[in-house]
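>>> I'll drop the sequence and a predicted model, then ask my questions.
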Amino acid sequence: MEKMTKDIKKKIEELRKKIRGHNKLYYADGRPEISDARYDRLMEELRELEQAHPRYMSPDSPTQTIGAPVPEKFKRVRHTSSMLSLESVNNEADVRRFDRTCRKETGRDVDYICEPKFDGISIELVYENGRFIRGSTRGNGVTGEDVTLNLKTISGVPRCLKAEKPPRRIAVRGEVIMHIKDFQRLNKEQAGRGLNTFANPRNVAAGSIRQLDYRITAQRKLHVYCYQILDLSGAMPRTQAEALETLERLGLQASPGVKHCRDITEAVFYHHDLESRRDALDYEIDGVVIKVNNMDYQKKLGRRTTNPKWAVAYKFEPRKEITRVENIVVQVGRTGILTPLALLQPVEVGGVTVSRATLHNMDQIAKLGVRIGDWVKVQRAGDVIPYVTEVVTEKRTGEEKEFRMPKRCPGCGTPVEQEDVFYRCPAGLACPAQLKEAISHYAGREAVDIDGFSDRTIECLHEKGLIKSISDIYTLKRGDLLKLERWREKKTDNLLRAIESSKDVPLDRFIFALGIRNVGKHIAALLADKFGTLEKIASAGQNDLLALNEIGPEIAENITAFFSKTKNLAEIKKLHKNGVVIRERKKARTGKLAEKKCIFTGSLKSMTRSEAKKLVESEGGEVASGISSTTDFVVVGEKPGSKVDRAKKKGIKVLTEEEFRNRLGL
Ligand code: IVH
């Protein structure tokens, strides 16, 4: 027996040593000796052994870190060719002037490729014989910083290009960005841990790429969108459209949402259309880049000192405005954390009236130096709650007042407790403010999704004593609801129907809905995948949880603490009793549309509906008939129905048939 455990320990140590060696070869020396698949198998083997023998777990195991030495500062590298910037224009007249020059200087009609202008950080990626050998920041355009190690941690930067016969050398330009949802999640985590929050997704992307310790970059969820071939051995594509296709074919993620426009009028139209859809996108963009499609014309047009003459950035309306902080109040969150919120003199920021902005925590208030009565700059990014970026100190009158955290919870009067920079009401679900937040979270779109169960409705039902806990949602009676003011039959029946259909809920959504501290959508899905049933998750010990790569001691502790409370278990039991059925996790599907749910409307030109369905399914996706909150995108053919408008209203992505085909690489 003793011998066996010794053997296992030895095996684990050997594996760790081997993996560390390969890490060094890959990350530090840039000359891997084994394939990615072989590396993954080694890691898997180690992970399994560690899971089966948790006492040999070690925080410095490669399963817990990605190990390689940290450089002291970045090397400077020379770019393949200058990384130019773009001339910006803000109005249609200037865009038309740009078009006139293009047509005059080429002597031809010109067609354009329009791409979203990503608000991120520009980088160069170099591949030789299909292998990623170097990546750098733009720097001064001629030389940049060698951030190869950091870029290697991003899944959108493949270690190897996909092609069988990759080009001997290709240098590509792209933008590193963070999606808005990931930015929100990161800021929430940072605030929850009492760490600095970031002003916007761009700052996080820039900060993450310039980390000296790539392990920090690896923890950030970043994306790379490529939009230019800077250099290619062999023949260059003849058009920008072909260049983007080439990038995709090689396994790089080319700019999404690209539009080929026959003339400048179409480009202007695309700009307006994209600007109107800006808030529904997953990422921040600040305009449209209009590029001459034909590469020969691009050459003919040439460049100025820092800008090409064949492209222009047609910017959107800025979304930062100045307004006054009328008051700072405190909001009680689901977990009892008190968040200061600035109540603003209403101001329009990029077409939306903003009257409140989050201030995150006391640390942020101190950092900004914001006081009640101050004039501040507010910014809006996608559907994120607007935030204050700075105080306009020149406008101070001396009348401004400092904000102090209240001593008692504004929701229930319980004395507030302080933990580092954040303050918490310890009353839990006995605090009405926390209870309402918990119910709202449970019913939310990404949780069990009860359509129409708004915060106002929750407030009203709580006030009337109809819901005192989450499980009370399922005991609401038609008769009771109809007695409420302004609750007519239609509204009542719609809500009851939505409640009824929320009873069948996938495991990951249910776990997320429970509102366990620090268990977001991603961790919930991970738990569902790994354990398969609620019972197994509820009975998992710290070590079982820690065996999952992305779960650290804090989250593991939150999970076990949640399931050890009899009150929580009783509430889950009541939910079951009231008809909630948890659908267990199916094995993840794979393919270009893995786990995506889509809808078709209108007739398609290039295929029949049943061919389209088969295609989607063969790529791991699913075709649904009606729009719901779980729909990922809608494909629009000719003569579409009303689904398009509903999808747009709900902020669901709408794809043309061509865009759909592009996604599938057709
Ligand atoms: S093309 C020579 N395309 O916008 C052409 N740039 O100054 C170079 N950007 O620094 C740029 N999205 O970082 C291009 N689809 C896109 C882009 C894009 C974002 C950035 C790029 C550049 C800045 C404009």
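Thanks, I have it. On a predicted model such as this, the values are computed, not experimentally measured, just so you know.
>>> OK, contacts around the nearest residue to residue 274 once chain neighbours are set aside?
Once flanking residues are discounted, residue 274 sits nearest to residue 288: 5.9 Å by Cβ to Cβ, 6 or more residues apart in numbering. Yep, even glycine has a C-beta here, placed from its N, CA and C like the rest. Counting by Cβ atoms under 8 Å, 6 or more residues apart in numbering, residue 288 touches 114-117, 267, 270-271, 274, 313-314.
>>> run the chain-centre distance for the host helix or strand of residue 288.
Element membership of residue 288 [criterion: DSSP states H and E] is strand 285-292. Centroid separation for strand 285-292 versus its chain: 22 Å, with Cα atoms, centre = their mean, to the nearest Å.
>>> pull the CA atoms of it into CSV?
This file holds the C-alpha atoms of strand 285-292, laid out as CSV (Å, rounded to 0.1, in the frame of the first residue of the first chain):
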residue,chain,number,x,y,z
ILE,A,285,-16.5,49.9,-31.0
ASP,A,286,-16.0,53.6,-31.6
GLY,A,287,-16.6,53.8,-35.3
VAL,A,288,-16.3,52.2,-38.7
VAL,A,289,-13.1,51.8,-40.6
ILE,A,290,-13.7,52.3,-44.3
LYS,A,291,-11.1,50.6,-46.5
VAL,A,292,-10.6,50.7,-50.2
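>>> quick one: list the elements packing against the very next helix or strand once past it.
Once the chain leaves strand 285-292, the next helix or strand it forms, by DSSP H and E, is helix 295-301. Judged by 3 or more Cβ pairs under 8 Å, 6 or more residues apart in numbering; DSSP states H and E, helix 295-301 is in contact with helix 92-106, helix 240-249, strand 285-292.
>>> point out the most buried one among these.
Highest mean neighbour count of these: strand 285-292, a mean of 24 (counted as mean count of other Cβ atoms under 10 Å).
>>> returning to what we had before: tell me the mean pLDDT for the strand holding residue 288?
Mean per-residue pLDDT for strand 285-292: 96.
>>> same check, this time on stretch 119-132
95.
>>> start to end distance for it?
One end of stretch 119-132 sits 24 Å from the other (Cα to Cα, to the nearest Å).
>>> tell me if that stretch is near the ligand.
Yes. Stretch 119-132 comes into contact with the ligand (Cβ under 6 Å from any ligand atom), by way of residue 122.
>>> each with direction, which strands does the strand holding residue 288 pair with?
Using DSSP bridges, the strands paired with strand 285-292 in its sheet are strand 112-118 (antiparallel), strand 311-315 (antiparallel).
>>> gap between the first one and the chain center?
Strand 112-118 has its average C-alpha position 21 Å from the chain's average C-alpha position, going by Cα atoms, centre = their mean.
>>> same question, stretch 419-431
28 Å.
>>> now residue 207. Nearest residue, chain neighbours left out?
residue 198 (7.2 Å).
>>> ok, residue 225 - how many residues close by?
21 (other Cβ atoms under 10 Å).
>>> surely it forms part of a strand?
Yes. Membership of residue 225 in a strand is supported by DSSP: H, G, I helix; E, B strand; the rest coil.
>>> so what pLDDT did it get?
97.
>>> would you agree it is in contact with residue 248?
No. Using Cβ atoms under 8 Å as the test, residue 225 is too far from residue 248 to be in contact (11.1 Å).
>>> doesn't residue 323 lie inside a strand?
Yes. The assignment for residue 323 by three-state DSSP puts it in a strand.
>>> now it: how far from residue 342?
9 Å (Cβ to Cβ, to the nearest Å).
>>> mind listing the shared neighbours of these two?
In contact with both residue 323 and residue 342: residue 376, using Cβ under 8 Å, 6+ apart.
>>> so those two - more neighbours on which side?
A direct count of neighbours by other Cβ under 10 Å for residue 323 and residue 342 places residue 342 higher, at 27 against 23.
>>> wait, isn't the more buried one in contact with residue 355?
No. At 9.5 Å, residue 342 does not count as touching residue 355 under the criterion of Cβ under 8 Å.
>>> just the terminal-to-terminal distance for stretch 175-186.
Stretch 175-186 has an end-to-end distance of 20 Å (criterion: Cα to Cα).
>>> does any bit of that stretch sit next to the ligand?
Yes. Remark: stretch 175-186 sits within contact range of the ligand at residue 175, by Cβ under 6 Å from any ligand atom.
>>> still on that earlier bit, quick check: the farthest pair among the contacts of residue 288?
Maximum pairwise distance in those, criterion Cβ to Cβ, is 13.7 Å, between 270 and 313.
>>> of those two, who's got more company?
The neighbour count for residue 270 versus residue 313, taken as other Cβ under 10 Å, is higher for residue 270 (22 against 17).
>>> ok, the more buried one touching residue 114?
Yes. With contact defined as Cβ under 8 Å, residue 270 reaches residue 114; the gap is 4.8 Å.
>>> any residues in contact with both of those two?
Common contacts of residue 270 and residue 114 (Cβ under 8 Å, 6+ apart): 259, 261, 288.
>>> so the closest residue to residue 86 other than its chain neighbours versus the ligand, what's the distance?
Take residue 86 and drop its neighbours on the chain: the residue closest to it by Cβ to Cβ, 6+ apart is residue 313, 4.2 Å away. According to Cβ to the nearest ligand atom, to the nearest Å, residue 313 and the ligand sit 5 Å apart.
>>> so which bits of the stretch 201-350 of the chain are right by the ligand?
Of all the residues in the stretch 201-350 of the chain, those lying near the ligand are 227-228, 255, 289, 308, 311, 313, going by Cβ under 6 Å from any ligand atom.
>>> ok, the chain next?
Counting by Cβ under 6 Å from any ligand atom, the residues of the chain that sit close to the ligand are 84-86, 115, 117-118, 122, 175, 227-228, 255, 289, 308, 311, 313.
>>> out of the residues you listed, which end up buried?
The neighbour count (16 or more other Cβ atoms under 10 Å) marks 84, 86, 115, 117-118, 122, 175, 227-228, 255, 289, 308, 311, 313 as buried among the residues of the chain next to the ligand.
>>> for the spatially closest residue to residue 214 that is not a sequence neighbour, give its distance to residue 635.
Of all residues not flanking residue 214 in the chain, residue 149 sits nearest, at 4.3 Å (Cβ to Cβ, 6+ apart). Distance of residue 149 to residue 635, computed by Cβ to Cβ: 39 Å.
>>> low-confidence stretches in this protein?
Within the chain, the stretches with pLDDT under 70 are 1-4, 25-32, 36-37, 59, 64-72, 350-351, 381-384, 585-589.
>>> can you tell me the element the nearest residue to residue 46 once chain neighbours are set aside falls in?
Leaving aside its sequence neighbours, residue 46 sits nearest to residue 15 (Cβ to Cβ, 6+ apart; 4.4 Å). Counting by DSSP H and E, the element that carries residue 15 is helix 2-23.
>>> that helix: what's the following helix or strand?
Using DSSP H and E, the helix or strand that follows helix 2-23 in sequence is helix 36-52.
>>> list the buried residues of that next one.
For helix 36-52, burial by neighbour count (16+ other Cβ under 10 Å) applies to 39, 42-43, 46-47, 49-51.
>>> from residue 480, how far off is residue 440?
Distance from residue 440 to residue 480, counting by Cβ to Cβ: 20 Å.
>>> likewise residue 449?
Residue 449 is 23 Å from residue 480, by Cβ to Cβ.
>>> more neighbours: these two, which one.
Per other Cβ under 10 Å, whichever of residue 449 and residue 480 has more neighbours is residue 449, with 19 against 15.
>>> nearest residue to the more buried one in space, please, no chain neighbours.
Nearest to residue 449 is residue 629, by Cβ to Cβ, 6+ apart, at 5.0 Å.
>>> noted, bye for now.
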